[in-house]
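Engineer: Need a 3D model of the following:
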Amino acid sequence: MPSLAKLITPLAALLALAKALPTNSALAARSTTCTGTGNTARVYASELYTLFPQEPDLASPAGQDFHVQYNNQTNLTIAQAAHFSNLPSGATGCAFGWSQDDASVGVLVAGGDGLLLGRQLSGFPEVAQGVSFAAVSPFDTAGSDKSFETEFTGWDREVKGTYHTSGPGKITCTEDVYLIIEKSQTTNGNVFLKRTEGAGIFIHYTC
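Structural biologist: The predicted structure follows:
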């Protein structure tokens, strides 16, 4: 039978190794700060809220699918407010982007003119009872120089999935980024993008 001293020695070594290993909380803390290596990454929208400017007080719950539309015959207007959460501290070069799946597995509809406009919001309203256009409007303070465009026209004809980015220099990197995305009321258009593991709208950044 091994002596007590021989048992204690390897046990002590194991305890010392355990103390040297990073804890889960330490690993989580590291992941929230950029390392400065210049790598790029994406954060997909954590929540999307459908807005109806013609019914400004109509509140919608959080969703995942992206839908923006304007029709000048019926005056149907649908915009989206998007929340991108947990961007790491030190992120730079934030830009809007979106990705689409292969046509065989994903759903992208880009009817008519798919050129959309976006702006960063200065904050966001309380979301417990849903979000309305009227509630978002006080935070829509960005000037035209901070507006960006993103083009969906024709991309629903593609067979293979791909991704797109736009708006560099128009979005300030913060831990929580809020955007409003809408269709210009000059031409008719309808854009719908089904959220999946490989498709959706995102913030692209350098870390």
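
Engineer: Could you pull out the strands in the chain for me?
Structural biologist: 40-44, 47-51, 66-70, 77-84, 92-100, 108-112, 115-120, 148-151, 162-166, 177-183, 189-193, 200-206 (DSSP state E).

Engineer: buried residues in the longest one?
Structural biologist: Read that as strand 92-100. 94-100 (16 or more other CB atoms under 10 Å). (Each C-beta comes from the backbone N, C-alpha and C, glycine too.)

Engineer: by how many degrees do that strand and strand 162-166 diverge?
Structural biologist: 140 degrees (axes from the mean of the first three to the mean of the last three CA atoms, to 10 degrees).

Engineer: Parallel or antiparallel, which strands does strand 92-100 pair with?
Structural biologist: strand 162-166 (antiparallel), strand 200-206 (antiparallel) (DSSP bridges).

Engineer: Point out the most buried one among those strands.
Structural biologist: Comparing the strands paired with strand 92-100 by mean neighbour count (mean count of other CB atoms under 10 Å), strand 200-206 comes out on top with a mean of 22.

Engineer: and that one, what's its mean pLDDT?
Structural biologist: In this model, strand 200-206 carries a mean pLDDT of 96.

Engineer: okay, the angle between it and strand 40-44?
Structural biologist: 150 degrees.

Engineer: Quick one: distance of strand 200-206 to the chain centre.
Structural biologist: Here strand 200-206 is found 6 Å from its chain centre; the criterion is CA atoms, centre = their mean, to the nearest Å.
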